[in-house]
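Student: Would you be able to build a 3D model of this:
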Amino acid sequence: QVQLVESGGGLVQAGGSLRLSCAASGRTFSRYAMGWFRQAPGKEREFVAAVSWSGGSTSYDDSVKGRFTIARDNAKNTVYLQMNSLKPEDTAVYYCAARRPGYAAVATTRNEYLYWGQGTQVTVSS
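Tutor: Got it, this is the predicted structure:
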């Protein structure tokens, strides 16, 4: 089992940047493919980005492609989401998620993830 704790959210003006971090417990972090999702008020939780357990493969939703970058540091048990050129429509609670251990590939749907963090709020003002 793995526990996930997100940090780095906050209030930023449109065009600004934030870096989210997700710290994972446990000694087998490198066996979990990881992802970021977000949920805006009144909307479904949606996929943002994912990274394979090695970090060698990534996937992004079209709405963030070219602006967001997902990366992981297995030595620090942490996955990051660098968010640049933020827009008001990026405002949401951002969640970190982990797939079942041993599933190495990136995944883009909620039901492929087993473990979830508590979320961190990102607010982008216009």
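
Student: V79 versus the closest residue to Q82 other than its chain neighbours, what's the distance?
Tutor: Closest residue to Q82 apart from its sequence neighbours, by Cβ to Cβ, 6 or more residues apart in numbering: T69 at 4.4 Å. Any C-beta I mention is one placed from the backbone N, CA and C, and that applies to glycine too. T69 sits 11 Å away from V79, going by Cβ to Cβ, to the nearest Å.

Student: Likewise for S30?
Tutor: 11 Å.

Student: In terms of neighbours, single out the busier of the two.
Tutor: Each of S30 and V79 has its neighbours counted (other Cβ atoms under 10 Å); V79 has more, 30 against 15.

Student: beta partners for the more buried one?
Tutor: C22, R72 (DSSP bridges).

Student: Was I right to think it contacts M34?
Tutor: Yes: counting by Cβ atoms under 8 Å, M34 is a contact partner of V79 at 4.4 Å.

Student: Report the set of residues contacting both of those two.
Tutor: Common neighbours of V79 and M34, counting by Cβ atoms under 8 Å, 6 or more residues apart in numbering, are 22, 24, 51, 70, 72, 96.

Student: Distance to S126, pLDDT and neighbour count added to those residues, as TSV?
Tutor: Output for the shared contacts of V79 and M34, formatted as TSV (distance: Cβ to Cβ, whole Å; pLDDT from 0 to 100; neighbours: other Cβ atoms under 10 Å):
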residue	distance to S126	pLDDT	neighbour count
C22	27	98	25
A24	34	95	23
V51	30	97	23
I70	25	98	22
R72	32	96	23
C96	26	98	28
